[in-house]
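Colleague: Sequence plus the predicted model coming up.
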Amino acid sequence: MGETLPFQMTKGHDNPGRSWLSESGHFLICAGGILACYFVFGIQQERIVQGKYELPDESIEKFTFTQALVFFLCTGNTIYAYLIRKKSEIDNVPSKMYAASAASYLLAMIASNQALQYLPYPTQVLAKSCKPIPVMIFGVLFAHKSYHWRKYCYVLMIVIGVAMFLYKDKKGGEDKDFGFGEALLIFSLAMDGTTTSIQDRIKKSYQRTGTSMMFYTNLYSSLYLSAGLLVTGELWSFFYFVQRHSYVFWDLIGLAIASCLGQWCIFKTIEEFSPLTCSIVTTTRKLFTIIISVLFMNHPLSGRQILATTVVFSALTADVVDGKLSSASSPVGAKKPLISDEEKKAHTK
């Protein structure tokens, strides 16, 4: 999107000594890194989850090890956060708060990855772009927050856009799994809202950094998953699956590396420029992910779905820009975008 570069060139970043050319170069590295890393991430994730794996007898099996997949991602994020953490960081957040945050964060990731077994990748990406909806709902219900009327308009646009995208024309034979993938995405979004509420409470009540929150959230998630893999027996089933299809292990390693490098680029963009720049780049990234999936992974979109995608991303972009403009004009009690900086730092995906 052409709007990205002008936004990051506005005054207020922490690099006044750089020339315009140097600043542009740094931006291209950061933004290009985000787009490239999550391009690889999206392709790898879709290839792993929706791939068909041939057995010696020429029968086909599918990858059904969602816990193992999320375990790789959480472990990779834990290692990454540990490496970039500063030893001098202050963190007085109780373990139970991180444990609760990790539980909802983990359930959201598992549900969204499981949904890929029932829905095409563009649908999952667009639905997960709707985090502002549960963030607003949970903020109003549990944190007693109030939002400007424009925020409700943006959310209404997102709801309309997603409804248009997910609407399925009636055909002769209905898929027996119709509706389950959508239910998983709704549950995932609800867990995103829960995670945001917990993180918001942590942010207000305790001292910590985004890196520290990322480390402990992913650490607890990895511990939960370790127990889950052992109790359910999925660890051994996954091990035998990888033995049969050894290249899957390297696909998972590549997925985790892409996630970690993408996280680094996100942190760098926030540090070098601004959260707004990062918001616009990550929103653009999701749009490109859908386009690339349509072009290269055989997920054609109807005219209605193209219009729906445009509506959703227009609302998301308007939200982050409106949040920045409101913040600039109202230093006290400034309004913030519905997608918080902590969310930007916490994920993935």
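Modeller: Received the coordinates, thanks. Numbering: from 1, shown residues only.
Colleague: Show the contacting residues for Leu261.
Modeller: Gly33, Cys37 (CB atoms under 8 Å, 6 or more residues apart in numbering). All C-beta spots, glycine's among them, are computed from the backbone N, C-alpha and C.
Colleague: Now it: which helix or strand?
Modeller: Assigned by DSSP states H and E, Leu261 belongs to helix 247-272.
Colleague: Would you mark the buried spots in that helix?
Modeller: 248, 251-252, 254-270, 272 (16 or more other CB atoms under 10 Å).
Colleague: Helices along this protein, start to end?
Modeller: Ranges of helices in the chain, per DSSP state H, are 4-8, 20-50, 66-84, 95-115, 121-128, 132-142, 149-166, 180-205, 210-232, 234-244, 247-272, 275-296, 303-329, 341-346.
Colleague: shaky segments in the stretch 101-250 of the chain?
Modeller: By pLDDT under 70, the weakly predicted segments of the stretch 101-250 of the chain are 143, 166-178.
Colleague: Swap in 80 and give it another go.
Modeller: Low-confidence segments of the stretch 101-250 of the chain (pLDDT under 80): 121-148, 151, 155, 158-159, 162-179, 196, 199-200, 203, 208-210.
Colleague: related to what we said a few turns ago, tell me which of the helices of the chain lies nearest to Glu58.
Modeller: For Glu58, the closest of the helices of the chain is helix 234-244, at 13.4 Å, according to CB to CB.
Colleague: so what secondary structure elements neighbour that closest one?
Modeller: Other helices and strands packing on helix 234-244, by 3 or more CB pairs under 8 Å, 6 or more residues apart in numbering; DSSP states H and E, are helix 66-84, helix 210-232, helix 247-272.
Colleague: Just want the angle from the longest one to helix 210-232.
Modeller: Going back to what we said before, that points to helix 247-272. 160 degrees (axes from the mean of the first three to the mean of the last three CA atoms, to 10 degrees).
Colleague: Please apply the same query to the shortest one.
Modeller: Orientation of helix 66-84 against helix 210-232 (the same axes, to 10 degrees) gives an angle of 150 degrees.
Colleague: CA-only coordinates of helix 66-84, as CSV, when you get a sec.
Modeller: C-alpha atoms of helix 66-84 as CSV (Å, rounded to 0.1, in the frame of the first residue of the first chain):
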residue,chain,number,x,y,z
THR,A,66,-2.4,-29.1,15.8
GLN,A,67,-0.9,-29.2,19.3
ALA,A,68,2.5,-30.2,17.9
LEU,A,69,2.4,-27.4,15.3
VAL,A,70,1.5,-24.8,17.9
PHE,A,71,4.2,-26.3,20.3
PHE,A,72,6.8,-25.6,17.6
LEU,A,73,5.6,-22.0,17.2
CYS,A,74,5.4,-21.3,21.0
THR,A,75,8.8,-22.9,21.6
GLY,A,76,10.4,-20.8,18.8
ASN,A,77,8.8,-17.6,20.2
THR,A,78,10.0,-18.5,23.7
ILE,A,79,13.6,-18.9,22.5
TYR,A,80,13.5,-15.8,20.5
ALA,A,81,12.1,-13.7,23.3
TYR,A,82,14.7,-15.1,25.8
LEU,A,83,17.5,-14.1,23.4
ILE,A,84,16.4,-10.5,23.0
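Colleague: model confidence over that helix, on average?
Modeller: The average pLDDT within helix 66-84 is 89.
Colleague: Pull up the gap between Leu28 and Leu235, please.
Modeller: According to CB to CB, to the nearest Å, Leu28 stands 42 Å off from Leu235.
Colleague: Looking at these two, which is more packed in?
Modeller: Remark: of Leu28 and Leu235, Leu235 carries more neighbours, 18 against 11, as counted by other CB atoms under 10 Å.
Colleague: which residues does that one contact?
Modeller: By CB under 8 Å, 6+ apart, the contact list for Leu235 reads Ala68, Leu229.
Colleague: Next: Thr64.
Modeller: Applying CB under 8 Å, 6+ apart, the residues near Thr64 are Gln117.
Colleague: and if you look at Leu126?
Modeller: Taking CB under 8 Å, 6+ apart, one finds Gly161, Val162, Phe165, Lys286, Ile290, Ala308, Thr309, Val312 in contact with Leu126.
Colleague: Which PyMOL command selects the buried ones in those?
Modeller: In PyMOL, a selection of the buried entries from these looks like this (16+ other CB under 10 Å):
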select buried, resi 161+162+165+286+290+308+309+312
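Colleague: and of the contacts of Leu126, the nearest to Ser222?
Modeller: For those, the nearest to Ser222 is Lys286 (25.6 Å; CB to CB).
Colleague: correct me, but the closest one touches Ser129?
Modeller: Yes: taking CB atoms under 8 Å as the definition, Lys286 is a contact partner of Ser129 at 5.4 Å.
Colleague: and for these two, which residues touch both?
Modeller: Common contacts of Lys286 and Ser129 (CB under 8 Å, 6+ apart): Phe313.
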